[in-house]
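Undergrad: predicted coordinates and the sequence they were generated for:
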Amino acid sequence: MHPFCGLSVTMVSGMSWFKRENGKYEAAATAENASDAGERTVRTEGLWIKCQGCRAVIFKADLETNLNVCPKCQHHFKIGARQRIETLLEPGFTLVDTGLCSTDPLNFSDVKPYKQRLSKAREATGLNDAILNAVGRLGHHDVVVSAMEYGFIGGSMGAVVGETIARAVDRARLERKPLIVVAASGGARMMEGVVSLMQMAKISTALAQLDDARVPYICVLTDPTTGGVTASFAMLGDLNIAEPGALIGFAGPRVIEQTIRQKLPDGFQKAEFLLEKGFLDAVVHRRDLKAYMIRALDFLKV
């Protein structure tokens, strides 16, 4: 058909058909090609993930098999509280202290209301707040584990997180079971104001009682552990362990540089740097973490 007729024009180019409408050419896949493209999208979407460390594209199943650690550069991806507990404890553990829910004591609203943030976070994570407590066995040791969920408003510590961890501490003291806390947090939850800051003293006081009872406490610091969490219970363990490359600190590097007006060293606030300066006892790869803590408890448990 002549291209300058008033009717639509079709032409073949490679495997696609083109239609000219209103002076523009638009590609139109055949039904067969469209079906193939749709199938390819369904088959591949969500199956690959890009490493934040080396930028390599990793098959997601391979990453999960490797405990969510990049097989090429060993970058440790964030994992959720439930997965963390499943990684550490033997099958048959029990989740406890799950009934607490945050309220909105200040009727807080910034870009969106705090209540809306809570609702969205609960829907996304399936948790009531940024913490999970469990009782089970780590190897041959009966332990209490409290794992933070970074996916819940950045793992921020509000009243529920503070109360849940305090209950884990009390349970460990009363039942004389070693306590393991896995920290992953941006710090205190600003939406709860001074209520969130009170949790620092609350948990620290409970840990002092645990220490008096001579019950071991191990804290595992993961990426990131910052703010009021670092300034309280995350650095009070009998043994403070971090995962490789974890960001650990109180204030951010930019704030510190602006305050002291000095350039910070390379790797400042990374786990390896803190280990070198004596703030940590060990930096342990995720695949070795369970075995390391079992050996540590063999020495620490009374």
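TA: Yep, it's here.

Undergrad: only C-alpha atoms for contact and neighbour calcs from this point on.
TA: Will do.

Undergrad: shouldn't Ala172 be within a helix?
TA: Yes: assignment of Ala172 by DSSP: H, G, I helix; E, B strand; the rest coil places it within a helix.

Undergrad: residue contacts, it?
TA: By C-alpha atoms under 8 Å, 6 or more residues apart in numbering, the contact list for Ala172 reads Val143, Val144, Pro178, Leu179, Leu210, Val215.

Undergrad: now with 7 Å?
TA: Going by C-alpha atoms under 7 Å, 6 or more residues apart in numbering, Ala172 touches Val144, Pro178, Leu179.

Undergrad: same question, Leu275
TA: Per C-alpha under 7 Å, 6+ apart, neighbours of Leu275: Asp281, Ala282.

Undergrad: on that earlier part again, pipe the contacts of Ala172 into TSV and attach secondary structure, distance to Cys51 and neighbour count per row.
TA: Shown next, in TSV, are those (DSSP: H, G, I helix; E, B strand; the rest coil; distance: C-alpha to C-alpha, whole Å; neighbours: other C-alpha atoms under 10 Å):
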residue	secondary structure	distance to Cys51	neighbour count
Val144	strand	32	29
Pro178	coil	35	25
Leu179	strand	32	25
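
Undergrad: distance to Ile58 added to those, as TSV?
TA: Shown next, in TSV, are the contacts of Ala172 (distance: C-alpha to C-alpha, whole Å):
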residue	distance to Ile58
Val144	34
Pro178	37
Leu179	35
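
Undergrad: tell me which helix or strand comes right after whichever strand or helix holds Gln116.
TA: Here Gln116 sits within helix 114-125, counting by DSSP states H and E. For helix 114-125, the following helix or strand on the C-terminal side (DSSP H and E) is strand 131-138.

Undergrad: list the buried residues of the longest helix seen in the chain.
TA: Secondary structure of the chain per DSSP state H: the longest helix is helix 194-212. By neighbour count with 16 or more other C-alpha atoms under 10 Å, helix 194-212 contains the buried residues 195-197, 199-200, 202-207, 210-211.

Undergrad: for stretch 85-101, same thing?
TA: Within stretch 85-101, the residues that count as buried by 16+ other C-alpha under 10 Å are Ile85, Thr87, Leu88, Leu89, Phe93, Leu95, Val96.

Undergrad: for these, which two are the farthest from each other?
TA: Thr87 and Val96 (17.3 Å; C-alpha to C-alpha).

Undergrad: who does whichever strand or helix holds Cys219 touch, helix- and strand-wise?
TA: Using DSSP H and E, Cys219 maps to strand 217-225. Helices and strands touching strand 217-225, as assessed by 3 or more C-alpha pairs under 7 Å, 6 or more residues apart in numbering; DSSP states H and E, comprise strand 179-185, strand 239-242.

Undergrad: the last one pairs with which strands, and in what direction?
TA: Using DSSP bridges, the neighbouring strands of strand 239-242 in the sheet come out as strand 217-225 (parallel), strand 282-283 (parallel).

Undergrad: rewinding a little: would you mind giving the contacts of Ala172 as a markdown table with pLDDT and distance to Ala168 added?
TA: Shown next, in a markdown table, are the contacts of Ala172 (pLDDT from 0 to 100; distance: C-alpha to C-alpha, whole Å):
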| residue | pLDDT | distance to Ala168 |
| --- | --- | --- |
| Val144 | 98 | 7 |
| Pro178 | 98 | 10 |
| Leu179 | 98 | 8 |
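
Undergrad: in contact with the residue most central in space within the chain: list those residues for me.
TA: By C-alpha atoms, centre = their mean, the chain has its centre lying nearest to Tyr150, at 3.8 Å. Shown in contact with Tyr150 (C-alpha under 7 Å, 6+ apart): Gly80, Ala130, Ala184, Ser185.

Undergrad: which intervals of this structure have sub-threshold pLDDT?
TA: For the chain, applying pLDDT under 70 flags the ranges 1-45, 302.

Undergrad: residue boundaries of the strands in it?
TA: 9-13, 16-21, 24-28, 48-50, 57-59, 94-96, 131-138, 141-148, 179-185, 217-225, 239-242, 282-283 (DSSP state E).

Undergrad: can you put those in JSON lines and add distance to Ser102?
TA: Converted to JSON lines, the strands of the chain look like this (distance: least, C-alpha to C-alpha, whole Å):
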{"stretch": "strand 9-13", "distance to Ser102": "60"}
{"stretch": "strand 16-21", "distance to Ser102": "56"}
{"stretch": "strand 24-28", "distance to Ser102": "52"}
{"stretch": "strand 48-50", "distance to Ser102": "33"}
{"stretch": "strand 57-59", "distance to Ser102": "37"}
{"stretch": "strand 94-96", "distance to Ser102": "17"}
{"stretch": "strand 131-138", "distance to Ser102": "12"}
{"stretch": "strand 141-148", "distance to Ser102": "15"}
{"stretch": "strand 179-185", "distance to Ser102": "17"}
{"stretch": "strand 217-225", "distance to Ser102": "21"}
{"stretch": "strand 239-242", "distance to Ser102": "28"}
{"stretch": "strand 282-283", "distance to Ser102": "33"}
